[in-house]
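S.K.: No letters, just coordinates:
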Ligand code: SF4
Ligand code: SF4
C-alpha cells in the first residue's frame, strides 16, 4: 500500500478539499484506494460522499487508578510519569490520576511496589468505516469530546486502512497528530495559500518534513488571491509546486455545501487528473 498524506501547517487552507477531490479522481480511474480522515478532532471527509456506515470500533486506552487504601504516598508513580498525569500530595493524603493527560504507557503500574495501582479501560474515540457500491472506502478517526490527544485514535484509523493506495487527510498544524500522520506516509502533499500567513506555516511544515526525510511537494490553493511570496520561496528552496488551484467563488461555494468540486467542472477535473498522474509517476506500480 502506498500512502499519501495531504497536510497543511494550519487549518482552512483546503487540505480536505484536495484530499476528497484527489480521492474521487483515483476512484474514477478504478484504483483500489481508501481515504482516511486523520483529522480526528473534526473529521468531515465522509460528508462529501454518499457512503453508508459499515462498522464502528471503539478505541480505548488503559489508564491507572489508585487505591488510596493501599497507597503510601511515596510519589514514585508521579516521578515515573513523563506526562505529569499523576499528582501525589502526601501531607493531604491526595493521590490523583489526571486521565486526560495519561498516555497509557503503564510506567506508573511498574513503579508502584505496593499494589496500589490497577488499570481500567478509558474510551478515547472510534474508528468508523464507510463504503458504497462504486468502490468508495472511507476510514474515519473520531475523537470523543473531552479527550485531550487524538494520536491513539488517528493511529488506529491509519492501522485500519487497507488498499493499494491510501490518502490520509492529515490533522492541521505541525504538532504530534501531524507528525504521526506524515510519519506513517510515503509521500506528503502540503497545501498552502499565497499569503504571508500561508508562507509562515508552510515553512514550519517544510522544516519538519526535511528533518524527517519525507519526500513532499506543495499545492497552492486560492492562487491569485494573495501575492507571490510562496512562489518565490518554493523557487528559492527548489521545492516542487505540484499544482495550483485558482481562487473561484463557485468552487468555494460548492465546497461549503459539501459537494465534490471535480464533479461537473472539466477544467478542475483535468487539473486533479494531472495531479493523480504525477503522483502515480512518483509511486510506480499503479497505472492510471
Ligand atoms: S507508587 Fe504506589 S504507593 Fe507510591 S504514591 Fe504511587 S500509588 Fe501510592
Ligand atoms: S500510564 Fe503512563 S502516562 Fe498514564 S499516568 Fe501512568 S505513567 Fe503517566
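M.R.: Looks like it arrived, so ask away. Quick caveat, the model's predicted, so the values are computed rather than measured. Ligands and ions are numbered 1, 2, ... in the order given.
S.K.: Please, where are all the helices along the stretch 151-288 of the chain?
M.R.: Using DSSP state H, counting those that start in this stretch, the helices of the stretch 151-288 of the chain run over 151-159, 176-183, 196-212, 229-237, 249-256, 266-283.
S.K.: To residue 44, which of those helices lies closest?
M.R.: helix 249-256 (10.8 Å; Cβ to Cβ). Using the backbone N, CA and C atoms, a C-beta is placed for each residue, glycine as well.
S.K.: ok, and for the closest one, which residues are buried?
M.R.: 251, 254, 255 (16 or more other Cβ atoms under 10 Å).
S.K.: Likewise for stretch 98-115?
M.R.: Those would be 99, 102, 103, 104, 105, 107, 108, 109, 111, 112, for stretch 98-115 by 16+ other Cβ under 10 Å.
S.K.: Please name the nearest non-neighbouring residue to the last one.
M.R.: Okay, so that is residue 112. residue 77 (5.3 Å; Cβ to Cβ, 6 or more residues apart in numbering).
S.K.: Report the contact partners of that neighbour.
M.R.: 64, 66, 86, 88, 108, 111, 112, 117 (Cβ atoms under 8 Å, 6 or more residues apart in numbering).
S.K.: what about 10 Å?
M.R.: Contacts were defined as Cβ atoms under 10 Å, 6 or more residues apart in numbering; by that measure residue 77 touches 64, 66, 71, 85-86, 88, 95, 97, 107-112, 114, 116-117.
S.K.: for residue 37, same thing?
M.R.: Residues counted as contacts of residue 37 (Cβ under 10 Å, 6+ apart) are 16, 19-20, 43-47, 128, 130, 138-142, 154, 157, 167-171.
S.K.: 8 Å instead?
M.R.: Residue 37 neighbours (Cβ under 8 Å, 6+ apart): 43, 44, 45, 46, 138, 139, 140, 141, 157, 169.
S.K.: from memory the fifth one sits against residue 34, does it?
M.R.: The one in question is residue 138. Yes: in terms of Cβ atoms under 8 Å, residue 138 counts as a neighbour of residue 34; the distance is 7.1 Å.
S.K.: sorry, back to before: and the residue nearest to residue 112, what's its pLDDT?
M.R.: For residue 77, the model assigns a pLDDT of 98.
S.K.: Tell me if it really is in a helix.
M.R.: Yes: read with DSSP: H, G, I helix; E, B strand; the rest coil, residue 77 is one of the residues of a helix.
S.K.: what's the closest non-adjacent residue to residue 26?
M.R.: Nearest residue to residue 26 in three dimensions, chain neighbours excluded: residue 33, at 4.4 Å (Cβ to Cβ, 6+ apart).
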